[in-house]
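>>> below are the sequence and a predicted model for it; my questions follow.
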Amino acid sequence: MASNTLHIKGLPVSPGIVIGRVLVVDDDLRRVSRRQVPEGGIPAELGRLEEASKASIAEIRLVYEQAERQMGSEAAKIFLFHIGMLSDPAFMGQVRAMVTQERVTADYAVSHVLAALADRFRATGDSVFATKVNDIEDLGERMLKHLVGARASRIAEADEGTIVLARDLTPSQTALFDRSRILGFATDLGGQTSHTAIIAKALEIPAVVGCKTLLKHAKDGMRVILDGDKGAVILDPADDQVAEYTRYIEQARIFRVSADEIASLEPITTDGHHITVLGNIELPEEVTKVLRQGGEGIGLYRTEYLYLTGTTEPTEGDHYRAYARCVELSGGRELVIRTMDLGADKYTQAQEEIPERNPFLGCRSIRYCLKNTAMFRRQLRAILRASADGPIKIMFPLVTTLSELRQAKFLVREVMEDLEEEGIAFDAGIKMGMMVEVPAAAIQAEAFAREADFFSIGTNDLVQYTLAVDRTNERVASLYTPAHPAVIRLIRDVSRTARRHNVPLSCCGESAADLEFAMLLIGLGVRTLSASAGALPNLKRFIRSVSVDQCERVARQALALDSDDQVARLLRDRARTFVPQAFDGRSVD
């Protein structure tokens with residue numbers, strides 16, 4: 001390894017591995033200098049501001065139309081937020097007031113107001129506010145272009161084989177990448193639910209965000225490896241590393257060629273057991289990708305993305321159109337719609353006058369829905385209306401008490417009565433299940449099994465709450481592991497209870513896509529796995545290469561161990577022994 005090689009970890013938001021040359025992009029709103037205007041020049045500045053606003057709105061409409069064609073209507077809604085902000089009297093009022101009262105240029109007023117707003121959002125330390133920062137910077141760049149002329153875009157001048165490294169990127173910049181020249185990107189800022197991340201995933205551009213220190217070390221022209229699968233950026237890699245990652249890229253290419261063949265095959269183990277493989281989605285158009293990759297339906301539709309990508313709270317019509325589209329694309333296959341998992345680091349904290357100090361333990365998910373029943377009922381009405389078009393299951397997130405599940409089911413029944421009175425069709429026998437993602441639900445699974453139509457284990461939160469570890473906190477992230485014996489025992493107990501009561505059980509957390517942990521889940525009795533579309537072909541190939549008997553032996557061995565390190569080593573060794581061809585040789589760390 002070269003002495004100046006630098007590994008930087010970030011958050012993987014769009015998969016894929018690429019090798020190229022660095023192009024550093026460091027746009028910053030603060031670079032507009034403060035200039036005074038004479039009192040008689042204020043009307044002209046306000047006129048410039050108005051013209052720039054109109055031109056920006058017209059331009060954003062064109063970007064929105066292009067994004068809608070490329071990414072689908074839901075992801076493209078991000079750009080309607082920009083139009084809404086420029087049309088907001090409160091925002092434009094601040095800018096006009098600064099021009100009038102402080103007698104500064106319109107360009108300085110725009111940059112100052114937007115930079116201050118972005119700083120306030122960053123200072124909260126809450127990722128929901130951070131999701132809006134790149135939208136604010138996008139607006140600033142666009143307005144300044146019309147006020148002072150376009151700065152030469154470094155991105156537009158990128159050479160072939162470029163990997164963009166930036167402090168942050170705006171949604172517009174990402175949506176307009178020339179894919180023939182730009183291979184991928186990484187940013188110091190941003191989170192997994194940022195609008196830029198959502199667009200990268202929709203366009204299938206390899207991307208890593210939240211790297212923190214990229215711009216401190218990166219230089220134009222430097223060779224770089226971007227690993228969107230693992231969330232890593234390697235600056236100035238040694239020749240042997242480039243060769244190693246080139247092999248991974250070739251393996252992935254060969255794998256993609258055979259993906260169609262795998263997609264058409266049944267996910268049946270070597271001893272004849274069918275393991276149902278479903279997909280997790282955030283946007284309706286992703287249904288097609290799941291089915292193309294061999295998914296047998298949708299095991300988790302994260303409906304909170306309707307809020308993250310929109311400019312305002314979704315209407316019943318917005319909900320209905322999204323769900324009806326999913327039903328249409330699913331073509332009668334399984335479709336599990338999770339009611340909105342809002343709160344914590346999502347949409348709701350941005351709406352609160354005083355954000356919660358610890359939102360992950362606060363009013364989130366089903367708690368938030370039961371406290372905001374008007375919003376909840378709108379979603380339930382839309383889901384029930386869409387159920388008349390094809391099969392749908394309703395799943396409630398983060399249920400911790402029987403009363404929460406009962407209240408949610410009661411609201412569904414009330415909405416059914418309303419729809420019946422209005423003469424609106426729906427599926428009266430719609431199944432209602434719950435996420436098992438907190439220890440309270442896992443421990444009390446026996447009682448929940450008498451009330452729920454199905455269970456789905458959400459390993460992301462189950463691990464977080466069982467181990468008291470925030471996986472986004474780099475200081476303790478190493479403690480976050482689904483291989484912890486306590487987590488495994490909870491999953492085993494839920495699986496036993498579900499089998500005893502004949503309650504269908506799935507796992508829809510990120511761990512279901514991990515081949516080693518999928519082996520353990522099958523061994524613990526889970527027969528339905530739901531993962532992101534890109535993970536499905538490899539998961540199906542793995543399932544077709546192992547037996548349930550092998551998986552059950554591994555599970556028994558894992559349950560006898562008392563440390564996560566021991567369990568992780570066991571899973572790693574057994575999986576590579578059973579199916580060595582399923583792994584690319586990279587470390588699992």
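Perfect, thanks for sending it.
>>> residue 36 is in contact with residue 99, isn't it?
No. Residue 36 is beyond contact range of residue 99, at 10.9 Å (criterion: C-beta atoms under 8 Å). Any C-beta I mention is one placed from the backbone N, CA and C, and that applies to glycine too.
>>> which of these two has more neighbours?
Neighbours of residue 36 and residue 99, each counted by other C-beta atoms under 10 Å, are more numerous for residue 99; the result is 24 against 11.
>>> that one contacts residue 42, correct?
Yes. Using C-beta under 8 Å, residue 99 is in contact with residue 42, at 6.3 Å.
>>> counting by contacts, list what the host helix or strand of residue 383 packs against.
Taking DSSP states H and E as the criterion, residue 383 maps to helix 373-387. Contacts defined by 3 or more C-beta pairs under 8 Å, 6 or more residues apart in numbering; DSSP states H and E place helix 373-387 against helix 316-330, helix 366-371, helix 402-422.
>>> okay, angle between that helix and helix 316-330 too, please.
Calculated by axes from the mean of the first three to the mean of the last three C-alpha atoms, to 10 degrees, helix 373-387 forms an angle of 30 degrees with helix 316-330.
>>> contacting residues around helix 373-387?
303, 313-320, 322-324, 326-327, 337, 339-340, 369-370, 392, 394, 411-412, 414-416, 418-419, 424-427, 430 (C-beta atoms under 8 Å, 6 or more residues apart in numbering).
>>> helix, strand or coil for residue 307?
Recorded secondary structure, residue 307: helix (DSSP: H, G, I helix; E, B strand; the rest coil).
>>> pLDDT at it, what is it?
What the model reports as pLDDT for residue 307 is 80.
>>> kindly report the same for the one 5 residues further on.
As summarised for this prediction, residue 312 has a pLDDT of 72.
>>> quick one, domains of the protein?
The record's domain parsing of the chain by automatic domain parsing lists 6-26+154-250, 29-148, 258-275+455-589, 277-436.
>>> how far off centre is the third one?
Put plainly, it is domain 258-275+455-589. Offset of domain 258-275+455-589 from its chain centre (C-alpha atoms, centre = their mean, to the nearest Å): 20 Å.
>>> also the longest one?
In terms of C-alpha atoms, centre = their mean, the centre of domain 277-436 is set 16 Å apart from its chain centre.
>>> one more: the shortest one?
Mean C-alpha position of domain 6-26+154-250 versus that of the full chain (C-alpha atoms, centre = their mean) differs by 17 Å.
>>> compute the first-to-last residue distance for that domain.
23 Å (C-alpha to C-alpha, to the nearest Å).
>>> let me know the average pLDDT across that domain.
Averaging pLDDT along domain 6-26+154-250 gives 88.
>>> which parts of stretch 111-124 are buried?
By neighbour count on 16 or more other C-beta atoms under 10 Å, the buried set for stretch 111-124 is 111-115, 117-118, 121.
>>> those in helices, which ones?
Using DSSP state H, the members of the buried residues of stretch 111-124 that fall in helices are 111-115, 117-118, 121.
>>> got the buried residues for whichever helix in the chain runs longest?
Taking DSSP H as the criterion, the chain has its longest helix at helix 42-71. Using 16+ other C-beta under 10 Å as the test for burial, helix 42-71 gives 42, 45-46, 48-49, 52-53, 56, 60, 63-64, 67, 71.
>>> looking at those residues, which has the smallest pLDDT value?
residue 71 (71).
>>> so what's the closest residue to that residue other than its chain neighbours up against?
Closest residue in space to residue 71, ignoring its immediate chain neighbours: residue 202 at 4.1 Å, by C-beta to C-beta, 6 or more residues apart in numbering. Applying C-beta under 8 Å, 6+ apart to residue 202 gives the contacts 70-72, 75, 283, 285.
>>> could these be laid out in a markdown table, adding distance to residue 8?
Formatted as a markdown table, these follow (distance: C-beta to C-beta, whole Å):
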| residue | distance to residue 8 |
| --- | --- |
| 70 | 29 |
| 71 | 28 |
| 72 | 32 |
| 75 | 27 |
| 283 | 29 |
| 285 | 32 |
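>>> can you name the two of these that sit furthest apart?
70 and 283 (12.6 Å; C-beta to C-beta).
>>> between the domains of the chain, which gets the lowest average pLDDT?
For those, mean pLDDT drops lowest on domain 29-148, to a mean of 81.
>>> quick one: distance of it to the chain centre.
On the basis of C-alpha atoms, centre = their mean, domain 29-148 is displaced by 26 Å from the centre of the chain it belongs to.
>>> among the contacts of helix 373-387, which ones are buried?
With burial judged by 16+ other C-beta under 10 Å, the buried subset of the contacts of helix 373-387 is 303, 314, 318-320, 322-324, 326-327, 337, 339-340, 369-370, 392, 394, 411-412, 415-416, 419, 426-427, 430.
>>> so residue 262 makes contact with residue 539?
No. Counting by C-beta under 8 Å, residue 262 sits too far from residue 539 to count as a contact (9.5 Å).
>>> which residue ranges of the stretch 401-550 of the chain form strands?
If DSSP state E, counting those that start in this stretch is used as the criterion, the strands of the stretch 401-550 of the chain fall at 431-436, 455-457, 505-507, 528-532.
>>> who touches the third one?
Going back to what we said before, that points to strand 505-507. For strand 505-507, the surrounding residues in contact (C-beta under 8 Å, 6+ apart) are 276, 278, 299, 454-457, 459, 491, 494-495, 498-499, 521, 525-530.
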